[in-house]
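Q: coordinates only, sequence not included:
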């Protein structure tokens, strides 16, 4: 009696394993790209974004657990500060191409505060409307991002109607090991004239 042996099931299993390996490598590469695009010396970032077509000028204010405050008029936070404002967006006036020039622009305005270190305690994030030019309200998103490994910890949205408004983005507590232990939305004012 002759027996027939087929390699087909074995080849099918090998092919499935190869497909799974390719999928895993693709996912790892995507995560690696996210990590590479973030600064190497930053633990956390607070990111404020709003519509690129808006002429409104919003400002991010962040107070670290150390008491240092950064904003557009104090980008480094003073002596001993471990936070800094990396980019101050001014609304449409600094986010448009010169007349007669063609190109591609991003679809949002963005301000970023970087944490190079954190202390145990509470960090506070507020958003202030420096200048409200558009008639309709402006909606913004405020994120807290852990840089490595990349993780969005909190994302909040706020809507503003007039110049001078300041609203809490969020507060987040960190421990001595640099981990976020709590997030809340208790009110706060960091703008000097509003305190």
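A: On my side now, so go ahead. These figures come from a predicted structure and were not determined experimentally. Numbering: from 1, shown residues only.
Q: Once you drop chain neighbours, what's closest to the residue nearest the centre of the chain?
A: Using CA atoms, centre = their mean, the residue of the chain that lies closest to the mean C-alpha position is residue 47, 3.4 Å off. Of all residues beyond its chain neighbours, the one nearest residue 47 is residue 143 (4.6 Å), with distances taken as CB to CB, 6 or more residues apart in numbering. All C-beta spots, glycine's among them, are computed from the backbone N, C-alpha and C.
Q: OK, contacts around the one you found?
A: Applying CB atoms under 8 Å, 6 or more residues apart in numbering, we find residue 143 in contact with 45, 46, 47, 49, 152, 154, 155, 156.
Q: Please narrow those to those residing in helices.
A: Nothing among the contacts of residue 143 maps onto helices, per DSSP state H.
Q: Show me which of those residues is closest to residue 18.
A: residue 152 (32.3 Å; CB to CB).
Q: distance of residue 113 from residue 163?
A: Residue 113 sits at a distance of 22 Å from residue 163 (criterion: CB to CB, to the nearest Å).
Q: Tell me which of these two has more neighbours.
A: Looking at residue 113 and residue 163 with other CB atoms under 10 Å, you find the greater number of neighbours at residue 113, namely 26 against 13.
Q: separation between that one and residue 19?
A: In this structure, residue 113 lies at 42 Å from residue 19, with CB to CB as the measure.
Q: next one: residue 41
A: The spacing between residue 41 and residue 19, counted by CB to CB, is 38 Å.
Q: can you map out the strands along this structure?
A: Counting by DSSP state E, the segments of the chain that form strands are 44-51, 57-63, 69-70, 83-87, 108-115, 121-131, 138-146, 151-160, 166-174, 180-184.
Q: In the sheet, which strands lie alongside the second one, parallel or antiparallel?
A: Paired with strand 57-63 in the same sheet, following DSSP bridges, are strand 69-70 (antiparallel), strand 121-131 (antiparallel).
Q: okay, those, which one's buried deepest?
A: With neighbours defined by mean count of other CB atoms under 10 Å, none of the strands paired with strand 57-63 is more surrounded on average than strand 69-70, at a mean of 22.
Q: Not counting its own residues, what contacts that strand?
A: With CB under 8 Å, 6+ apart as the contact definition, strand 69-70 has outside contacts at 61, 62, 63, 76, 77, 81, 83, 84, 85, 113, 190.
Q: let's go with 10 Å and repeat that
A: Residues lying outside strand 69-70 but in contact with it, judged by CB atoms under 10 Å, 6 or more residues apart in numbering, are 46, 60-64, 76-78, 81, 83-86, 113-114, 124, 126, 190-192.
Q: which stretches of this protein have low pLDDT?
A: Across the chain, the ranges flagged by pLDDT under 70 are 1-7, 28-40, 90-107, 194-195.
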